[in-house]
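Participant: have a look at this fold, sequence not included:
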């Protein structure tokens, strides 16, 4: 964990309400968070606790109905729809439970497509190859998604998310569709990514067993933060070999 003088993500009294009156659902209530670059932050809680809602707001895919949110020098709660689109395209990497790869593009083309949003195409292709090397897919770059395993597709998704060199990497149940060995490998890669690239990596999960490995643990319940603590020198996750 690297501690910075100022957090990169700051949410103050964040609220999110769906609907009105008696039918209103309060997905988030007075949520306060501070997340630093270089931290492997884990957000846990049961279904309906507000985890995905919080992730969507930080990622600019949804907007809060109360409070304020700052990511770097951007005040997200003051951005219009066009500005939020630009934020998502250039500043945030997303890794979801399902991989959302373009089926008719190879692994390297999927990654280069994301990189081309922020750099010239030739540089994007070079970076895509380098990132796939980093996630252990040196020999799978020219394969289409249908020829890749679930773990390989998730590693392509991680490389694609990093291709924009984002300040924030948001991961929603990234190991949820994988077997236990592959899932452990993916989570270890995400932890290492936070440390190696000084990215603010935020993993949303219902799996409490990941909590001890977090630099920063946030526990949600009924839309509120019920626990928020930092760990000094958390253990490195084992990165089991994949067969």
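Facilitator: Yep, that arrived. Only a predicted model underlies this, so the values are computations on that prediction, with no experimental measurement involved.
Participant: quick one: the strands in this protein?
Facilitator: If you assign secondary structure with DSSP state E, the strands in the chain sit at 9-18, 25-35, 40-44, 66-71, 74-75, 92-95, 168-172, 200-205, 216-221, 224-230.
Participant: of all these, which lies closest to residue 145?
Facilitator: With Cβ to Cβ, the closest approach to residue 145 among the strands of the chain belongs to strand 92-95: 15.0 Å. Glycine gets a C-beta too; all of them are placed from N, C-alpha and C.
Participant: picking that back up, ok, which of the strands of the chain comes nearest residue 103?
Facilitator: With Cβ to Cβ as the measure, strand 92-95 is the member of the strands of the chain nearest residue 103 (17.9 Å).
Participant: where does this protein have its least confident helix or strand?
Facilitator: Using mean pLDDT, DSSP states H and E, the weakest-scoring helix or strand in the chain turns out to be helix 180-197, at a mean of 88.
Participant: low-confidence stretches in the chain?
Facilitator: 1-5, 242-243 (pLDDT under 70).
Participant: can you count the residues close to the closest residue to residue 84 other than its chain neighbours?
Facilitator: For residue 84, ignoring the flanking residues on the chain, the nearest one in space by Cβ to Cβ, 6 or more residues apart in numbering is residue 60 at 4.4 Å. Other residues within reach of residue 60, judged by other Cβ atoms under 10 Å, total 24.
Participant: do the same with residue 31
Facilitator: When neighbours are defined as other Cβ under 10 Å, residue 31 has 26 of them.
Participant: what about stretch 173-186, start to end distance?
Facilitator: Using Cα to Cα, to the nearest Å, the end-to-end distance of stretch 173-186 comes to 11 Å.
Participant: beta partners of the residue nearest to residue 55 when sequence neighbours are not counted?
Facilitator: Nearest residue to residue 55 in three dimensions, chain neighbours excluded: residue 204, at 5.0 Å (Cβ to Cβ, 6+ apart). When bridges are called by DSSP bridges, residue 204 pairs up with residue 43, residue 172.
Participant: tell me which residues touch residue 204, please.
Facilitator: Contacts of residue 204 were listed using Cβ atoms under 8 Å, 6 or more residues apart in numbering, and they are 43-44, 51-52, 54-55, 170-173.
Participant: let's go with 7 Å and repeat that
Facilitator: Shown in contact with residue 204 (Cβ atoms under 7 Å, 6 or more residues apart in numbering): 43, 51-52, 55, 171-173.
Participant: identify the residue nearest the geometric centre of the chain.
Facilitator: If you average the C-alpha coordinates of the chain and look for the closest C-alpha using Cα atoms, centre = their mean, you land on residue 170, 1.3 Å from that point.
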